[in-house]
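Asks: Output the structure for:
(one chain, ligands or ions: 1)
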Amino acid sequence: MNNLKFKNLFEPIQAGNALFRNRIFASPEGFYNVGGDNLPNLQEVAFFERKALGGAASVCVGDCIVDSPTGTHYPYLIRMDDPKTLPGLSSVAAGINRHGAVAAAELSHSGMYARYVADPDGVSYGPDAAKEIEARRGETQKGTLYGPVAIENGKYGRVEEMPEELILHIIDKYGKAAAWAKRCGFGMVTVHGGHGWLLAQFMSPTVNTRTDRWGGTFANRMRFTLAVIESVRKHVGPKFPIEIRVSGSECDPAGYDIGEGVKIAKALDGKVDILHVSAGNHEFDHTFIITHPSMFLPDGSNVQFAAEIKKHVSTPVATVGGLTDPAMMDEIIASGKADIVELGRQTIADPDLPLKARLGKEDDVNKCMRCCMCFSGSGNHRVLQCSTNPAIGREIEERFAFPAWDKKKVLVIGGGIGGMQAALTAEKNGHDVTLCEKTGSLGGVLLCERKVPFKLKLEEYLRRQARFVESANIDVRLNTEVTPEYADSLKPDVIIAALGARPAKPPIPGIDGPNVIGAEELYVAPEKAGENVVILGGGLVGLELGIFMALDGRRIIVLEMMDELNLDPFGMHTMAIMNEMARLGIDLRLSTKALDITENSIVTEGPYGREELPADTVVYATGQIPLRDDAIALSGVAPEFYQIGDCLAPRNILAATKEAYAIAHDIGRRLV
Ligand SMILES: Cc1cc2nc3c(=O)[nH]c(=O)nc-3n(C[C@H](O)[C@H](O)[C@H](O)COP(=O)(O)O)c2cc1C
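Replies: Residues are numbered from 1 along each chain as shown. Model (predicted):
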């Protein structure tokens, strides 16, 4: 009998000698917050253990490098050829296994993209890293990069053709790395054959033009990958599960398509235990945002590749990419598109998805909205983070947290993102919480984006948080403007001011004209825009608004006064925005000032001098002014006072939730 709502998702599956308790795997994720010794640490154990605790059937530790002298693309990757990794890796595996999940180690080698080999001193990994390395190419390439063929001017410097003896050495290192994973207690290895890394480079018809037995024909191009699998099998034994991750399609004219993907899968069929079908190539912006589907793509945008491959193979097939909804996952399994669903960012946004889905509490799942702050956290700081799950990175404190010892009366003012998070965290810690919001609903300013098709998960998040607040033991007072007197009448021990900000209106002649509107107002009423829309301000708000309006058929020009955009330097979302703007033909003008707004035009001054541009609608998206004074007026009312979110300084969702969580968590834990 199966009484579960998502029956297919919770059907156990066997691969090799391992039994997986359900069909939800946590896909490979690298963890880079390690110390200078490069060894797995307690935080890493906690990060992966948390996913297993949440009910995933398998949890994969990403980016374990099989041959560190030639294969390392970031400095802080696990080196499978370093015996000092034994205790750390064993702890990671044990942390996963003890919660009933199968621990998997991803075996990888980055080949011609081994950026760290080319430049071991490089510290920047964002779009600028490529620029920096480009600028320093030749001068600073320190190590030798190897790929299937020699390339004079590769992305990270000169690439040498991998000699046969090195090919054989690396094949052997894959086997040894697999044996090491098994020794450390992992129950599966995932061979990384996708995303443009070494195995994919050898399989690629466009990259691998070698003329010896390792390149050229399909059989020759598969030789390396098949030899790697054979070597792994030899080292782990006949029953130990081997998963291989491949790109079903590289989604790029310069890469291979699904036809080739099917041929690759057929060549691997029966030789591995799971065929894990991803997509794209890690090294190009326009395919990186397919590998990690951006918020502009629909959920499950890469399932098609797994579904096609599944028609041609008998090995169980896994799919991955932009999966957040248990009902969709269940349907994927039920309809035979794949046998397993793998979740990446969703396990960061909510590691408890499997448990919640099993309990039929799918509405409580915090769905990943693909803002990609997790990626930029690891890219910029080597720290994993999540905009809507502030407990990420604090797994140890969370796991062993007990309610605060000193119960306080907490007044939270403002029911936006920060205010709701602060109220929820304070209530969870046992405090007596009142939340006042001056409007008639919880959610705050970002509710204005609810009509934006690529922001639907943000709206869902805001509504879910509001529902949690309403069902928690929190005294919610809507339509309540909090004056110092009102606050005083409640006699709080702690005030958390999360008052927000108001839009800044730039002092340009004509700014009060009938064709001028603020970004927030236009988000709410997009029908107010004419055909030609000029947006002032190339920040995230302006650019996303431009995309929203362009999707709605408007012609868009974005004006930015600075000579470059102030976006996230390791911005996967930045890449996605740029890609979308190019696709939609949005005209972005940097170093351009608005001088005058008339009824149907705007006069600008930029690199090409003075111009008059048609503008049926001019939108200002030129920042926010924090409601600091209103907050400061409340600061003396209670013994403890905290100012968070936009009323301190304009900030993003990540910063707002993180600080709200941290501040509310620490209330009642102080020693004085
Ligand atoms: C922070 C982060 C780290 C990742 N690290 C790896 C990795 O080490 N190896 C790998 O094959 N994929 C890695 N991925 C990709 C994921 O496994 C997954 O394929 C991708 O995120 C798409 O799935 P999603 O839409 O569910 O996130 C990483 C993804 C994220 C967000």
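
Asks: What separation do you get for the one residue in the stretch 501-650 of the chain that gets nearest to the ligand and Pro293?
Replies: The ligand sits closest to Met572 of the stretch 501-650 of the chain, with a gap of 8.3 Å, by C-beta to the nearest ligand atom. Heads up, the C-betas are built off the backbone N, CA and C, glycines and all. Distance, Met572 to Pro293, using C-beta to C-beta, to the nearest Å: 10 Å.

Asks: And Lys407, by the same measure?
Replies: On the measure of C-beta to C-beta, Lys407 and Pro293 end up 44 Å apart.

Asks: quick one: which of those two has more around it?
Replies: Pro293 (23 against 14; other C-beta atoms under 10 Å).

Asks: Dihedrals phi and psi, the nearest residue to that one once chain neighbours are set aside?
Replies: Leaving aside its chain neighbours, Pro293 sits nearest to Gly322 (3.7 Å; criterion: C-beta to C-beta, 6 or more residues apart in numbering). Note on Gly322: its backbone torsions stand at phi 60, psi 40 [degrees, to the nearest 10].

Asks: Which is the succeeding secondary structure element to the lowest-mean-pLDDT helix or strand in the chain?
Replies: For the chain, counting by mean pLDDT, DSSP states H and E, helix 127-136 ranks last in confidence among helices and strands (a mean of 58). Past helix 127-136, heading to the C-terminal end, the next element that is a helix or strand (DSSP states H and E) is strand 145-147.

Asks: which residues are in contact with that following strand?
Replies: 70, 111-112, 114, 117-118, 154, 156-162, 166, 198, 201, 207 (C-beta atoms under 8 Å, 6 or more residues apart in numbering).

Asks: wait, is Arg210 part of a helix?
Replies: No: secondary structure assignment (DSSP: H, G, I helix; E, B strand; the rest coil) places Arg210 in coil, not in a helix.

Asks: That one contacts Pro148, correct?
Replies: Yes: counting by C-beta atoms under 8 Å, Arg210 does reach Pro148; the two are 5.6 Å apart.

Asks: Now list whatever residues contact both of these two.
Replies: In contact with both Arg210 and Pro148: Glu161, using C-beta under 8 Å, 6+ apart.

Asks: From the ligand, how far off is Ser68?
Replies: According to C-beta to the nearest ligand atom, to the nearest Å, Ser68 and the ligand sit 15 Å apart.

Asks: Please name the nearest non-neighbouring residue to that residue.
Replies: Nearest to Ser68 is Arg79, by C-beta to C-beta, 6+ apart, at 4.0 Å.

Asks: what do you get for Gly185?
Replies: Leaving aside its chain neighbours, Gly185 sits nearest to Ala93 (3.6 Å; criterion: C-beta to C-beta, 6+ apart).

Asks: swap in Asp364?
Replies: Using C-beta to C-beta, 6+ apart, the closest residue to Asp364 is Lys356 (5.3 Å).

Asks: what's around the residue of the stretch 501-650 of the chain closest to the ligand, how many residues?
Replies: 24.

Asks: Surely it touches Phe375?
Replies: Yes: judged on C-beta under 8 Å, Met572 makes contact with Phe375 at a distance of 4.7 Å.

Asks: intersection of neighbour lists for these two?
Replies: Taking C-beta under 8 Å, 6+ apart as the criterion, Met572 and Phe375 both touch His292.

Asks: how does the protein divide into domains?
Replies: Per automatic domain parsing, the structural domains of the chain span 13-369, 404-503+626-666, 516-622.

Asks: for the last one, how far is the first residue from the last?
Replies: Its first and final residues considered, domain 516-622 spans 13 Å by C-alpha to C-alpha, to the nearest Å.

Asks: and it, how far from the chain's centre?
Replies: Relative to the chain's own centre, domain 516-622 is displaced by 26 Å; criterion: C-alpha atoms, centre = their mean, to the nearest Å.

Asks: Could you list the low-pLDDT ranges of the stretch 501-650 of the chain?
Replies: 569-570 (pLDDT under 70).

Asks: before we move on, back to that, skipping adjacent residues, who's closest to the residue of the stretch 501-650 of the chain closest to the ligand in space?
Replies: Per C-beta to C-beta, 6+ apart, closest to Met572 is Cys372, 3.8 Å.

Asks: The one you found is in contact with Gly571, isn't it?
Replies: Yes: judged on C-beta under 8 Å, Cys372 makes contact with Gly571 at a distance of 7.5 Å.

Asks: Check which residues of stretch 468-488 are buried.
Replies: For stretch 468-488, a neighbour-count test (16 or more other C-beta atoms under 10 Å) marks Phe468, Val469, Ile474, Val476, Arg477, Val482, Tyr486, Ala487 as buried.

Asks: May I have it as CSV, with CA atoms only?
Replies: Output of stretch 468-488 as CSV, limited to C-alpha atoms (Å, rounded to 0.1, in the frame of the first residue of the first chain):
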residue,chain,number,x,y,z
PHE,A,468,3.9,31.4,8.6
VAL,A,469,3.8,34.7,10.5
GLU,A,470,0.0,34.6,10.6
SER,A,471,0.0,31.0,11.9
ALA,A,472,2.8,31.5,14.4
ASN,A,473,2.2,32.8,17.9
ILE,A,474,2.8,36.4,16.8
ASP,A,475,0.5,39.3,17.5
VAL,A,476,0.2,40.8,14.0
ARG,A,477,-1.2,44.3,13.8
LEU,A,478,-1.9,45.5,10.3
ASN,A,479,-2.8,49.1,9.3
THR,A,480,-0.8,50.2,12.3
GLU,A,481,1.6,53.1,12.1
VAL,A,482,4.0,52.9,15.0
THR,A,483,4.8,56.2,16.6
PRO,A,484,7.2,56.4,19.6
GLU,A,485,4.2,56.8,21.8
TYR,A,486,2.5,53.8,20.4
ALA,A,487,5.7,51.7,20.7
ASP,A,488,6.0,52.9,24.3
